[in-house]
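# dropping a prediction and its sequence here:
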Amino acid sequence: MNPQALTITANGATQTYDGVAFSGGNGVTYSGFVNGQNASVLGGTLVYGGNSQGAANAGTYAIIPSNQTSSNYAINYVNATLTINPQPLTITANNVTQTFNNVPYSGANGVTYNGFVNGQNSSVLSGNIIYGGNSQGAVNVGTYTIIPSGQTSSNYAITYVNGTLTITPPPMAFVLDALGTTANAAGTRAPSTVMNATILPSPTSLPGNVTSGSNTVLPYGNDAGVVGGSASQQTSNTSGGGTSQQASGANTNQQTSSTANTSQQTSKRRNGNTNQQTSNKRNGNTKQQTNKRNGSTNQQTSNTSDRRTN
């Protein structure tokens, strides 16, 4: 009697990289037992071999079963495959916010890793992080993209996430200082201590401009004439808007008119009082003198009459 054919097939195994060496197998499947028998009728203990044993890195490996015997079964072993897939790893560029400083931006603010296993870190990765995107060389106020790349690993499936560079407008004091530097370099007037900057939509091609957000701050005042009419507009703001209004005839005439009224009133008061006083004095004196004269005359006449009677 010939032995019964029996096939012992190793089960395949699939796992995600975890940094731990693989050992053993995922069991086997028997095919060929008769009369309700099972693996208990076999001699020996199942053993797994092949390069799957001790495998740790991502890849595919053979699982080779062996070591079971039977006089009643002619055993045929079938190998299986261990598949270790890369572990997902996310590398995110850190966002950056800085104030405009007129210096081209380069590099980045580092990255954040998410997904390392078994206590590992970036030291297990190959290559170095490099940064790209329109953030590199950016100068003006705005938002820009930081694109990380450059690191690889067979054990990690790397996904890169972009970051953002945000350049914010500088304090106004910095703008005025920059305008003064630009104006002095051009041999023109420095900015006024009274802030009177002209803000226009960003015509970045004009010389000596400092860009602030979507606006451009033009240099203050220019004896040689600034392209774009900045000096004229600012001079107009200073001369026409302030001096002319303050020195307008309305206030001066009004004040002069008030003075004239005061003088007129004073003149009237003085003349009126003087004339009245003079009139009173003259009339009073004249009447008094007349009364005195009349009194003397009457007294003299009375005395004469009395003498005659006597």
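Here it is on my side, so go on.

# return the set of buried residues in stretch 130-144.
For stretch 130-144, burial by neighbour count (16 or more other Cβ atoms under 10 Å) applies to Tyr131, Gly133, Ser135, Gln136, Ala138, Val141, Tyr144. Glycine gets a C-beta too; all of them are placed from N, C-alpha and C.

# and which of the residues you listed is nearest to Tyr30?
Tyr131 (57.1 Å; Cβ to Cβ).

# ok, and the closest non-adjacent residue to that closest one?
Ala108 (4.3 Å; Cβ to Cβ, 6 or more residues apart in numbering).

# circling back to that earlier point, what about the buried residues of stretch 130-144, which are in strands?
Within the buried residues of stretch 130-144, residues falling in strands by DSSP state E are Tyr131, Tyr144.

# farthest-separated two in the buried residues of stretch 130-144?
Taking Cβ to Cβ as the measure, the buried residues of stretch 130-144 reach their widest spread between Tyr131 and Val141, a distance of 20.1 Å.

# what is the burial count for Ser40?
6 (other Cβ atoms under 10 Å).

# what about it, which SS state?
helix (DSSP: H, G, I helix; E, B strand; the rest coil).

# picking up where we left off before, ok, the buried residues of stretch 130-144 vs Gly54, which is closest?
Tyr131 (38.4 Å).

# confirm for me that the closest one is in contact with Tyr144.
No: if you go by Cβ atoms under 8 Å, Tyr131 and Tyr144 don't touch, sitting 11.0 Å apart.

# now do the strands in the stretch 1-150 of the chain.
Using DSSP state E, counting those that start in this stretch, the strands of the stretch 1-150 of the chain run over 4-10, 13-16, 28-31, 47-49, 59-66, 73-78, 80-85, 87-93, 96-99, 111-114, 130-132, 142-149.

# got the ones you listed as JSON lines, with mean pLDDT columns?
Below are those laid out as JSON lines (pLDDT from 0 to 100):
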{"stretch": "strand 4-10", "mean pLDDT": "98"}
{"stretch": "strand 13-16", "mean pLDDT": "98"}
{"stretch": "strand 28-31", "mean pLDDT": "98"}
{"stretch": "strand 47-49", "mean pLDDT": "98"}
{"stretch": "strand 59-66", "mean pLDDT": "98"}
{"stretch": "strand 73-78", "mean pLDDT": "98"}
{"stretch": "strand 80-85", "mean pLDDT": "98"}
{"stretch": "strand 87-93", "mean pLDDT": "98"}
{"stretch": "strand 96-99", "mean pLDDT": "97"}
{"stretch": "strand 111-114", "mean pLDDT": "98"}
{"stretch": "strand 130-132", "mean pLDDT": "98"}
{"stretch": "strand 142-149", "mean pLDDT": "98"}
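
# which one of those lies nearest to Pro171?
Per Cβ to Cβ, nearest to Pro171 of the strands of the stretch 1-150 of the chain: strand 96-99, 7.8 Å.

# can you name every helix or strand that that closest one contacts?
Secondary-structure packing of strand 96-99 (3 or more Cβ pairs under 8 Å, 6 or more residues apart in numbering; DSSP states H and E): strand 163-168.

# fine by me, thanks again.
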